[in-house]
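1. Quick one: sequence and predicted model below, then my questions.
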Amino acid sequence: MKAIRVAKYGGPEELKLQELPEPKPGAGEALVRLHAVGVNFADIYFRSGSARVPNSFPFTPGIEGAGVVEGVGQGVSEVKPGDRVAYSTRTVGSYAERQVVSARQLVPLPKGVSFEDGAAIILQGLTAHYLVHEFYPIKRGSTVLVHAAAGGMGLLLVQWLKHLGAVAIGTVSTEEKAKVARQAGADHVILYTQQDFAEEAKKVSGGAGVDYVIDGVGQATFAKNFDALKIRGWATIFGMASGPADPVVPNSLMGKSLTVSGGALFNYMLTRDELLGRAQGVFQGLREGWLNLHIDRTFPLAEASEAHRLLENRQTVGKLILKTGTS
């Protein structure tokens, strides 16, 4: 089978297409023939060395995909051959034509949801679900600031916030991205490249500051989030697209009695019931039409390096997908 391999830390050029033996599922595992693969910032972290590689070199990147179960190992009851599934895992390896995955991590792909849509929404949809349900108690009228609001993650968050009745405030880098964020439902859009986002957030929230900040950017934004928050506001960090955030002195939170949380998806799908419950919420949003996907571009698996280059340089709006060419 064909797969992308990384032999050392580096830039997008380190993503090489190679031929590998087809893997075989062990006990509790399923072999998935992939049709579509989601491209995420986490893949860039692993490729560049910003995050520790989950296994040794060389490795196949990718933590999100959708396809068809081809075979199962001993003791598997969750899925069977022929099932259409999507998944996001801690284990890298989805930049390939096939991957062996723990059967417990596979989510049935509903009828009418394409492989491309499944690969585009499973990781970010589940992430959006926990970010709006597990931390600050969002209610109608809550003011919520979302960084990188025109990215695949940001667009889902904006739509979910509007579904909950919140006032969605997004930061973006360009006018083009501002337009996309507004189309997704953002009530206010701030061009952080031209404006002080904390000052603008306070203006649009009546001067008090916002209730909640959702931050997947990290270093470039996190410290200033505290200026944007109101008294007893809440900030959650769940990514580091611009690099790890600078350290925070705990006592600095006392002035406005702020709360800070760290989010990681895999801590919010610890059981299969929790995973399927979140996935049901995501697919329900798609079915009801209030949650929509924005797929920027699709690339052949062999062009994974170009997808990484565009994502890393903030030249995308929405989600990037790799197609394996599997029929």
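-> Thanks, I have it.
2. residues contacting Thr171?
-> By C-beta atoms under 8 Å, 6 or more residues apart in numbering, Thr171 lies in contact with Leu145, Val146, His147, Ala148, Ala149, Val189, Ile190, Leu191, Tyr192, Phe197, Thr221. (Each C-beta comes from the backbone N, C-alpha and C, glycine too.)
3. tell me the helices in the chain, going along the chain?
-> 41-48, 115-133, 152-163, 175-183, 197-204, 222-228, 272-288, 304-312 (DSSP state H).
4. how about the ones you listed, which one is nearest Lys323?
-> Lys323 lies closest, by C-beta to C-beta, to one member of these: helix 115-133, at 7.7 Å.
5. Find the centremost residue of this structure, please.
-> Gln124 (3.4 Å; C-alpha atoms, centre = their mean).
6. Verify the stated contact: that one with Gly152.
-> Yes. The criterion here is C-beta atoms under 8 Å, and Gln124 meets it with Gly152 at 5.4 Å.
7. so how far is the helix or strand bottoming out on mean pLDDT in the chain from its chain's centroid?
-> The weakest-scoring helix or strand in the chain, judged by mean pLDDT, DSSP states H and E, is helix 41-48 (a mean of 93). Computed by C-alpha atoms, centre = their mean, to the nearest Å, the chain-centroid distance of helix 41-48 equals 13 Å.
8. Give me the below-cutoff pLDDT ranges for the chain.
-> Within the chain, the segments meeting pLDDT under 70 span 54-55, 326-327.
9. can I see the domain layout of it?
-> The record assigns the chain these domain ranges, following automatic domain parsing: 2-124+267-323, 140-262.
10. Just grab the bridge partners of Ile321 for me.
-> Gly38, Thr298 (DSSP bridges).
11. er, Val32 actually
-> Bridge pairing for Val32 - DSSP bridges - gives Val69, Gln99.
12. I'd say it and Glu70 touch.
-> Yes. The pair Val32 and Glu70 qualifies as a contact (C-beta under 8 Å) at a distance of 6.9 Å.
13. shared neighbours of these two, which are they?
-> Arg98.
14. who has more neighbours, the two?
-> Between Val32 and Glu70, counted using other C-beta atoms under 10 Å, the more crowded position is Val32 (30 against 15).
15. picking up where we left off before, in CSV, list the helices of the chain along with distance to Met254.
-> Shown next, in CSV, are the helices of the chain (distance: least, C-beta to C-beta, whole Å):
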stretch, distance to Met254
helix 41-48, 32
helix 115-133, 25
helix 152-163, 28
helix 175-183, 33
helix 197-204, 19
helix 222-228, 11
helix 272-288, 34
helix 304-312, 37
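16. Any idea which of these gets closest to Phe57?
-> helix 41-48 (10.9 Å).
17. which residues are in contact with stretch 47-57?
-> 6-12, 14-15, 42, 44-46, 59, 61, 90-92, 240, 243-244, 308.
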